[in-house]
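S.K.: Here is my input, please return the structure:
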Amino acid sequence: MIRRCDDDDFEIIYEIINDAARAYDGIIPADLWSEPYMSRDELRREIADEVVFWGWQEGGDLVGVMGIQDVQDVTLIRHAYVRTAKRNKGIGGKLLAQLRGQTSRPVLVGTWATAAWAIRFYENRGFRLVTEEEKDRLLERYWSVPRRQIETSVVLTN
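M.R.: Down below sits the predicted model:
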């Protein structure tokens, strides 16, 4: 079941993100890796910046989350994570379909350039990588990320 997350879900969202993000350890540049991957303060800032999380619930437990954020004239898919033990079961695809159905705006996704599985996930659902120049322009316009993250990321669009 897919449902909008609420304030009571904060800790479980935090846990899911940091469990699933372990896949990036050793994949993304070491200077951009941290433990935990996302701090509680960073998650609070994302929510304050109007990232709205939706979750996949199984047996009463939230096991996957994905955020959506309207920024200017586009919609961003943010922080898409499924618990390690529940990966490759279609949860991410169902969450993405739900969120895509909520907007008529162009949808953008940013991810790490070295996260081949994440890029493949979005490409298999109709997204395409933008050029390097377009990626830089989009990340600077729609995201608030450091220059180093811009250098090591990609953007996909529908």
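
S.K.: From now on I want contacts and neighbour counts done on CA atoms only, so please keep to that.
M.R.: Will do.

S.K.: And the strands in the chain, which stretches?
M.R.: With DSSP state E as the criterion, the chain has strands at 2-4, 52-58, 61-71, 74-82, 107-112, 128-129, 153-157.

S.K.: Flag the shaky bits of this structure, pLDDT-wise.
M.R.: Under the criterion of pLDDT under 70, none of the chain is flagged as low confidence.

S.K.: Report back the residue of it that's furthest from centre.
M.R.: Gly59 (23.5 Å; C-alpha atoms, centre = their mean).

S.K.: how close does that residue get to Val155?
M.R.: Distance, Gly59 to Val155, by C-alpha to C-alpha, to the nearest Å: 34 Å.

S.K.: How about Arg45?
M.R.: Where Val155 is concerned, Arg45 sits at a distance of 22 Å (C-alpha to C-alpha).

S.K.: the more surrounded of those two?
M.R.: Val155 (23 against 12; other C-alpha atoms under 10 Å).

S.K.: thinking that one is in contact with Thr111, fair?
M.R.: Yes. Shown here, Val155 and Thr111 form a contact pair, counting by C-alpha atoms under 8 Å, at 6.5 Å.

S.K.: Run through the helices of the chain in chain order.
M.R.: 10-20, 40-48, 91-100, 116-123, 132-142, 147-151 (DSSP state H).

S.K.: give the contact list for the most centrally placed residue in the chain.
M.R.: Closest to where the C-alpha atoms of the chain average out (C-alpha atoms, centre = their mean) is His79, at 2.4 Å. For His79, the contacting residues are Ile17, Val65, Met66, Gly67, by C-alpha atoms under 8 Å, 6 or more residues apart in numbering.
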